[in-house]
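Student: the following comprises the amino acid sequence and a computationally predicted model.
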Amino acid sequence: MALPVVVGQWFEAKGWTPRRHQLEMLATARRGESALLVAATGAGKTLAGFLPTICELAETPAEGLHTLYVSPLKALAVDVQRNLVGPAEEMGLPIRIETRTGDTPSDRKARQRARPPHILLTTPESLSLLLSYPDSGDMFASLRTIVVDEIHAFAKEKRGDLLSLALARLNALRPGLRRIGLSATIADPDAYRAWLAPAGDIDSITLVQGDPGAEPDLSILIPENKIPWGGHSGRHAAREVMELIGQHKTTLVFCNTRSLAELIFQDLWAVNDEGLPIGIHHGSLAVEARRKVEGAMAAGKLRALVATASLDLGIDWGDIDLVVQMGAPKGSSRLLQRIGRANHRLDEPSKGMIVPGNRFEYLESRAALDAIDDGELDPETFRPGALDVLAQHILGIACAAPFEEQALLAEIQSAAPYSGLKPETFAEILDFIATGGYSLKAYDRFRRLVRDKDGSWRIARPAVALQHRLNAGVIVERPLLEVRFKNGRKLGTIEEGFGSTLAPGDHFFFSGLSLEVERIKDCEVTVRASSKPARIVTYGGQRMSMSTHLANRVRHMLCDRNDWHRFPDDVSEWLEIQSERSVLPEPHQLLVETFAHHGQHFMVAYSFEGWNAHQSLGMLITRRMETAGLKPMGFVANDYGLACYGLEPITDPGALFSPDILEREFIDWVENSYLLKTAFREVAVIGGLVERQHPGKRKTGRQVSFSTDLIYDVLRKYEPEHLLLRAAWDDARGRMTELGRLVRLVDRASATMVHVETGRITPMAVPLMVIVGREALPPGAEADDTLLSQAEELAQAAMRLD
C-alpha cells in the first residue's frame, strides 16, 4: 500500500516501517470501508486510526472538519492531540488539530463551530452537544471519518448509548460516513462490530487484527512471603512499592478507588526516604492539577504516579517501565489494559506487579494471571439502550431543528442499542418530553416539545435549547463541593456527603496534601495546607466487583489441591486448615458456615458473586432474620462472601436463602431503600426532568435531591409505570444490585448449599470478620493498631486445630 511521499519520508526519518495492521487500515479506508481494529497496547493503534486521515489530507488538502475522534477520557483526547500535532508539523502538513471537551474555553468552542479544525478530538457528551445546534449540519458537512477510541470503554454503558445515537445522527447528516473503532482488550470483536455498524450491518465493518505483542511480565508482590488476613488495598507493602519505584525509571501505581489513591499516595510519601518526585491523579482533582501532572509525566519529571481508572486507557507515556496494581485487579481485561501502560511498545513486554490485600485477593490475583496466560478476557455483556439517554438525545435533536416522528424513529433504530425500540415506547418518550407524563402535565415547565400542525415536533420555546445545553450529559456525579485555597485556587471536588461531616479545624487528605478546613459556605470548602494527620476523603457510588470468570477460577482453586504448590506457604496452610476445620466447597456448591463469636452468632456464605450482589443479599437476609426473630445486628460483605450476625443462633440458613426472596421481598426492599431514589435521581437528571443548572446559577446537590425526591414520591403514588421509574428500575436491577449474579447465588443456595456448624471462626471467615471489627471502630492510627491485633487474635482462633 503506497503512502503519500511526505508520509513515507516521515516514517523513513523516524527509522520506522508501517506495521501490517496500519497499512490494512489505510487500504480499508481507500476502499471506502469502515473498520474495527483490535491490536495490542503499544501496536500504534492511534496512528493506524488516523493514518487514512493524514494520507487523505496530504494528498487532497481541504478546509473543514475531516475527522472526529471520540475518546472516553478528556485526558486521552489531550494526550492524542499532543501525539498528533508533532507528526503533522514534522510532515509539514497544515492540519489543524484541536480538542473539545467540557474543559475547553467557551470562545474556542464558538470558533470551532464557525471554523472547524481538520481533526476534532472530543468526548461523547461534547459531540452530543454539537449536534444540538442548528448549524450542526454545516459543521459536519465535510466530515468523512469518525474514530472511536477504546470502544470497549463505551459500548456497554450509557455513554455508549449516547455515542451510538450520535453516530446515527451523523450518518443521517453525512450518509456513508466512515466509522473506525479501536481497542486492545475485547473478548468478542463481532459484538463490537455489530455495535459500531449502522443498522447492525456487521458485514459493513471490516475486522483488522494486529499482530500479538510481547507476553507481559506479570508477578504478585508478597513482602516477606506473607499476606495479611484482612484489608483490600495492599497498603502493607508501601515500603516495598517505594523500593520498586526507586529501581525503575517511571512507575504507574493503579488503585481501584479515588479514596484508596489518596491513601496509597500518603503511605508512599511517608516512606519516600529519597524524596523522589511522585504525584497523584484522579477524576475529582481540578483540571489544572490533572493537566499539570499529565504534563510532568509526559516530560519525564515524575518517578511515580498514583492513579485510578482516570488513566486506565490509552495514555502514551513511553518512559513508564513498571505498573503496580494495588489490591485485586477485578478482571483480566482491566488488568491487561492497566499493565499495557508500561513499555507502551509492541515488541517489549509490559512489566506489572499486583499487590493483594488479603488471602482471597491473592487467589483472585493468581486467577487473573492464569486467565491472561490462557488468553481469557472478561466476557462482554451488552444491554438495550437506556430510555433516559434516549429522551435527552431526542430533545437535543429538536434543539437543532424540528423533526418528523417516523424518520427519527428509523434513525434511532439504526443505532445498535436501540434496534429493538418499539414504536409505542418511542411515542411514550415523546409524550414524556412534551408533557412530563400524566402526573406532571399540568406543570408548564415540563412541556419541552410541541407538535406543529404538519405533524413535526419542535422545542416549545427557545429557552429549552439553552437549558438543554447547560444540563446535557450522562455522567451524574453525586452532589459536589469545591475545595479551594483562600486565594481562590481550586484543588478539586469532594462529595457533599463527605463534606457534611467536616467542620472548621478538621483535617483531610486531598490532592496529595493534608488540608485544614477554614470555612464551609454554600458549595465551597476553603482550606489551607497543613502538616497534621488527616482523614481520607471518601466517595460513594458503585464498587468494582470481581468478574464472573475470575470468580469461577477462584472457586476451582479452592478445591484443587494440585494447584496449591504455587501458593505462598501461608495461603496453602490457610486452605489446608480450612479443609480440616470445615469444608472447601466444590465449584458448584455454596458453603455456609455458622458459629458463635464474642456473644454474637455469625453466618458466613462464600458465594464469590461480587460486592454489589452480596450487599443486596445482606440487606434482604437481615430483614428475614428480623422477621424470624433472630435479632440481626448487621452484615458485612466483600467480593468473596457475606457475613450476617445477630443475637440468636442461625440453625437453618437454607430458609434465609430461599428463592422467593427475589420476588416480593426484593421489590419491597428496592422500592423503600435509597437505591431506587438514587437511580431515579440519575435518570431524572439525564432525562431532563430535573435541571442542575440555570444561567449563572447551579443548584446545590440538596436542591437537586429535594426536587427529584418530590417528583419520585408523586410518580410512585400516581403513575407507578412512568417511563423514568421504569428506567430507574432497570438501573437498580442491573448496575446497583447486579441482579443477575444475585439470582445465580440464590439458585445455587437452593440446590447445592453445604451448611457447616463450625463451633468457632474458621480460616476463610477471617477476612470478613476483620471487616466486622473495622466497622465497629473509629478511623485513625489507633484504630489501625487495634485492627492489627484483632486480626491476629481472629487468625489464632481460626487456625487452631483442637
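Tutor: Okay, I see it. A quick note: this is a predicted structure, and the numbers were derived from the prediction, not measured.
Student: alpha carbons only: can I get stretch 395-410 in CSV?
Tutor: Taking Å, rounded to 0.1, in the frame of the first residue of the first chain, the C-alpha atoms of stretch 395-410 are listed here in CSV:
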residue,chain,number,x,y,z
LEU,A,395,-34.6,16.8,22.9
GLY,A,396,-31.1,17.6,21.6
ILE,A,397,-32.2,16.8,18.0
ALA,A,398,-35.2,19.0,18.5
CYS,A,399,-32.9,21.8,19.6
ALA,A,400,-31.1,21.7,16.3
ALA,A,401,-34.3,21.6,14.1
PRO,A,402,-37.8,20.3,14.0
PHE,A,403,-38.1,16.5,13.2
GLU,A,404,-40.6,14.1,11.7
GLU,A,405,-41.5,11.3,14.1
GLN,A,406,-41.2,8.3,11.8
ALA,A,407,-38.0,9.5,10.2
LEU,A,408,-36.4,10.0,13.7
LEU,A,409,-37.6,6.6,14.9
ALA,A,410,-36.0,4.9,11.9
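Student: that stretch: which residues count as buried?
Tutor: Leu395, Gly396, Ile397, Ala398, Cys399, Ala400, Pro402, Phe403, Leu408, Leu409 (16 or more other CB atoms under 10 Å). Backbone N, C-alpha and C define where each C-beta goes, glycine included.
Student: which pair in those has the greatest spatial separation?
Tutor: Farthest-apart pair in these is Cys399 and Leu409; separation 18.2 Å (CB to CB).
Student: right, and the helix or strand after the lowest-mean-pLDDT helix or strand in the chain?
Tutor: Using mean pLDDT, DSSP states H and E, the weakest-scoring helix or strand in the chain turns out to be strand 697-698, at a mean of 68. Next helix or strand after strand 697-698 toward the C-terminus (DSSP states H and E): helix 701-718.
Student: which SSE is immediately downstream of that next one?
Tutor: Counting by DSSP H and E, what follows helix 701-718 is helix 723-731.
Student: buried residues, that following helix. List them.
Tutor: Neighbour-count burial for helix 723-731, counted by 16+ other CB under 10 Å, picks out Leu723, Leu724, Leu725, Ala727, Ala728, Trp729, Asp730, Asp731.
Student: quick one: list the elements packing against it.
Tutor: When contacts are defined as 3 or more CB pairs under 8 Å, 6 or more residues apart in numbering; DSSP states H and E, helix 723-731 sits against helix 387-400, helix 423-435, helix 674-686, helix 701-718.
Student: which SS state does the closest residue to Glu348 other than its chain neighbours fall under?
Tutor: With CB to CB, 6 or more residues apart in numbering as the criterion, Glu348 has its nearest non-adjacent residue at 5.8 Å, and that residue is Ala214. Following DSSP: H, G, I helix; E, B strand; the rest coil, Ala214 is assigned to coil.
Student: quick check: Ala214 touching Lys351?
Tutor: No: between Ala214 and Lys351 there is no contact under CB atoms under 8 Å: 10.5 Å.
Student: these two: who's more crowded?
Tutor: Remark: of Ala214 and Lys351, Lys351 carries more neighbours, 20 against 14, as counted by other CB atoms under 10 Å.
Student: where does the stretch 351-500 of the chain have low pLDDT?
Tutor: Within the stretch 351-500 of the chain, the ranges that satisfy pLDDT under 70 run 497.
Student: quick one: the strands in it?
Tutor: In the stretch 351-500 of the chain, the strands defined using DSSP state E, counting those that start in this stretch lie at 351-355, 449-451, 457-459, 480-485, 490-495.
Student: most tightly surrounded among those strands?
Tutor: Across those, averaging neighbours per residue (mean count of other CB atoms under 10 Å) puts strand 351-355 on top, at a mean of 25.
Student: return the alpha-carbon coordinates of that strand using CSV.
Tutor: Written as CSV, here are the backbone C-alpha positions of strand 351-355 (Å, rounded to 0.1, in the frame of the first residue of the first chain):
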residue,chain,number,x,y,z
LYS,A,351,6.0,-5.3,33.4
GLY,A,352,3.4,-5.3,36.1
MET,A,353,3.0,-6.4,39.7
ILE,A,354,-0.1,-7.0,41.7
VAL,A,355,-0.2,-6.3,45.5
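Student: right, I'll leave it there.
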